[in-house]
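Visitor: here's my sequence, what's the structure:
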Amino acid sequence: MRRSRRNGPRGSNALANVRAFVLLVLPLISCTARQGPFWSTTSKGPASEATLQSRAETLWTAKVEEDWKTAFLFLDPRQRAETTEAEFTAWSQENDPLKMLSYSVERVQIAGDLGWVEVHYRAAVRKYPDLPPRDAHQWQKWRLVAGHWYPVRPQEWSSYPAAPALRDAEEETRLRSRFLESWDARHADRWSELYEMSDPRDKDDVPVEEFVDAESRFAYLSYELHWVEVQGDRGSVRVSYRHKVTDPSLTKLLARVAVLTEHWKKRDGQWYRDLIRSN
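Guide: So this is what the prediction gives:
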């Protein structure tokens, strides 16, 4: 039997994670959410693999040739509106950590307005020219904006799923169904039922009473499911919740929308909410 560590560091982290989900849900409205659901599956332009591959090769060629003028055109439109070509060029010449030496685009995949480009490249560290170059591999994430493909900024990668080639489509269907079960419980305030869908290994650290107390502080009105991702026995669900606080003294507050990624874990063939994201 697994010994409870409810009062230790792990238990504290577990309760903090639950509280973060429900108590910090208002500030979890991401920058991506404010700009709209870029992970939409409705195409708005030339969303073909050939078009994306051509765009990717143009960008990576510019990286190798240090053609900053061309690379500037591949900045997300929001970024481009905040700087100039001259500023971008000056910054890149001084601060870009890697000097790209060569590249090859291996695979391209698209799903609606999302794209993924598998790239192998060889690079040297700009500030340490004596270090030998290194080979690297990356699945770069792209998105379609106003009919053109742009690479997603690395700091926003967590808002987008991994490439389909890396994911388990069959298990994603199962996880999607499991998430819908959890939504039914959440929407109906069946908190004990939702608790039973949590990872059994987390329950020593998250008592049902504290779980229910934390979760019931919001009434969940509706949801929008953006994507489901499964790699191995780990799953992620990107979802928007529209909710209101249940505190009687705050009833005048309007409903808000929060966008977040829920983590799930498969154990013994079943999917459970991962209250403690562990390795």
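Visitor: when you work out contacts or count neighbours from here on, use the C-alpha atoms and nothing else.
Guide: OK.
Visitor: now do the contacts for the residue lying closest to Ser198 once chain neighbours are set aside.
Guide: Nearest in space to Ser198, with sequence neighbours left out and distances taken as CA to CA, 6 or more residues apart in numbering, is Arg273 at 4.5 Å. By CA atoms under 8 Å, 6 or more residues apart in numbering, the residues touching Arg273 are Met197, Ser198, Asp199, Glu262, His263, Trp264, Lys265.
Visitor: again, only this time at 10 Å
Guide: Going by CA atoms under 10 Å, 6 or more residues apart in numbering, Arg273 touches 178-179, 182, 194-200, 202, 235-236, 262-266.
Visitor: now Thr89, what's its secondary structure?
Guide: helix (DSSP: H, G, I helix; E, B strand; the rest coil).
Visitor: coming back round to it: tell me the confidence at the residue nearest to Ser198?
Guide: pLDDT recorded at Arg273 is 96.
Visitor: before we move on, what about the one 3 residues further on?
Guide: According to the predicted model, the pLDDT of Ile276 comes to 81.
Visitor: quick check, it in a strand?
Guide: No - using three-state DSSP, the assignment for Ile276 is coil, not a strand.
Visitor: test my guess that it contacts Asp199.
Guide: Yes - with contact taken as CA atoms under 10 Å, Ile276 and Asp199 are classed as touching, separated by 8.6 Å.
Visitor: pull up the overlap in contacts between the two.
Guide: Shared contacts of Ile276 and Asp199, defined by CA under 10 Å, 6+ apart, are found at Trp264, Lys265.
Visitor: when these two are compared, which one has more neighbours?
Guide: Ile276 (23 against 19; other CA atoms under 10 Å).
Visitor: how close does that one sit to Val228?
Guide: In this view, Ile276 and Val228 are 19 Å apart by CA to CA, to the nearest Å.
Visitor: list the buried residues for stretch 189-205?
Guide: Within stretch 189-205, the residues scored as buried using 16 or more other CA atoms under 10 Å are Asp189, Trp191, Leu194, Tyr195, Met197, Ser198, Asp199, Asp202, Lys203, Asp204, Asp205.
Visitor: and the last one, helix, strand or coil?
Guide: So that's Asp205. On the three-state scheme (three-state DSSP), Asp205 is labelled coil.
Visitor: so it touches Ile276, yeah?
Guide: Yes - with contact defined as CA under 10 Å, Asp205 reaches Ile276; the gap is 9.3 Å.
Visitor: show me where the stretch 151-279 of the chain has helices.
Guide: Along the stretch 151-279 of the chain, the segments classed as helices by DSSP state H, counting those that start in this stretch run 169-187, 191-196, 208-215.
Visitor: am I right that Thr83 is in a strand?
Guide: No - under three-state DSSP, Thr83 falls outside any strand and is assigned coil.
Visitor: give me the neighbour count for it.
Guide: Using other CA under 10 Å, Thr83 has 11 neighbouring residues.
Visitor: one more: Glu262?
Guide: Glu262 has 17 neighbouring residues, counting by other CA under 10 Å.
Visitor: is it in a bridge, and if so with what?
Guide: Note on Glu262: beta-bridge partners by DSSP bridges are Val237.
Visitor: do you know how far it is from Gly235?
Guide: 8 Å.
Visitor: shared neighbours of these two, anything?
Guide: Common neighbours of Glu262 and Gly235, counting by CA under 10 Å, 6+ apart, are Val228, Arg273, Asp274.
Visitor: how about Pro132, phi and psi?
Guide: The phi/psi pair for Pro132 (degrees, to the nearest 10) reads phi -70, psi 150.
Visitor: quick one: contacts for the residue lying closest to it once chain neighbours are set aside?
Guide: Leaving out its chain neighbours, the residue that sits closest to Pro132 by CA to CA, 6+ apart is Ala124, at 6.8 Å. Applying CA under 10 Å, 6+ apart to Ala124 gives the contacts Pro97, Leu98, Lys99, Met100, Leu101, Asp130, Leu131, Pro132, Pro133, Arg134, Asp135.
Visitor: of those residues, closest to Arg107?
Guide: Distance to Arg107, by CA to CA, is smallest for Asp135 among the contacts of Ala124, at 17.1 Å.
Visitor: count the neighbours of the nearest residue to Leu98 once chain neighbours are set aside for me.
Guide: Nearest residue to Leu98 in three dimensions, chain neighbours excluded: Val125, at 4.8 Å (CA to CA, 6+ apart). For Val125, the neighbour count with other CA under 10 Å is 16.
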